[in-house]
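*Asks:* Coordinates only, no sequence provided:
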């Protein structure tokens with residue numbers, strides 16, 4: 001089994017559901033425009049079976065086919081923001097954890113430095 005096909009069989013259920021919803025939404029968009037499968041497929045440059053696979057939410061359909069479908073309904077600009085670093089919750093959480101750890105380290109270093117200064121003052125005053 002190739003790496004790509006293995007990846008497709010291990011998709012999380014929420015991702016599969018999202019792809020199925022996207023496919024269904026694209027089918028609704030086509031139908032609202034009163035476009036047949038054949039016409040829509042021709043406009044996209046794909047076969048009718050490929051379009052049916054896209055509308056069924058099959059994960060093996062290429063991202064290029066998906067992008068073309070989004071372009072046909074005027075939504076291709078949304079692709080640019082799908083993986084924007086500003087919305088990467090995992091990376092943001094990691095950044096926050098690292099900042100918190102740094103803050104704790106600096107607070108500990110400051111506390112230790114204060115203790116050392118106080119200890120030096122006590123020794124210097126003869127106590």
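*Replies:* Sure, I can see it. Remember, it's a predicted structure, so these values are computed and weren't measured experimentally. Residues are numbered from 1 along each chain as shown.
*Asks:* Give the burial count for residue 61, as a bare number.
*Replies:* Each residue near residue 61 was counted by other C-beta atoms under 10 Å, and the total is 20. Yep, even glycine has a C-beta here, placed from its N, CA and C like the rest.
*Asks:* out of everything not next to it in sequence, what's closest to it?
*Replies:* Counting by C-beta to C-beta, 6 or more residues apart in numbering, the nearest residue to residue 61 once its immediate chain neighbours are dropped is residue 54, at 4.7 Å.
*Asks:* Packing partners of the longest helix along the chain?
*Replies:* In the chain, taking DSSP state H as the definition, the longest helix is helix 89-124. Under the contact criterion of 3 or more C-beta pairs under 8 Å, 6 or more residues apart in numbering; DSSP states H and E, helix 89-124 touches no helix or strand at all.
*Asks:* just how off-centre is that helix within its chain?
*Replies:* Here the centre of helix 89-124 is set off from its chain's centre by 34 Å, with C-alpha atoms, centre = their mean, to the nearest Å.
*Asks:* Thanks again, I'm all set now.
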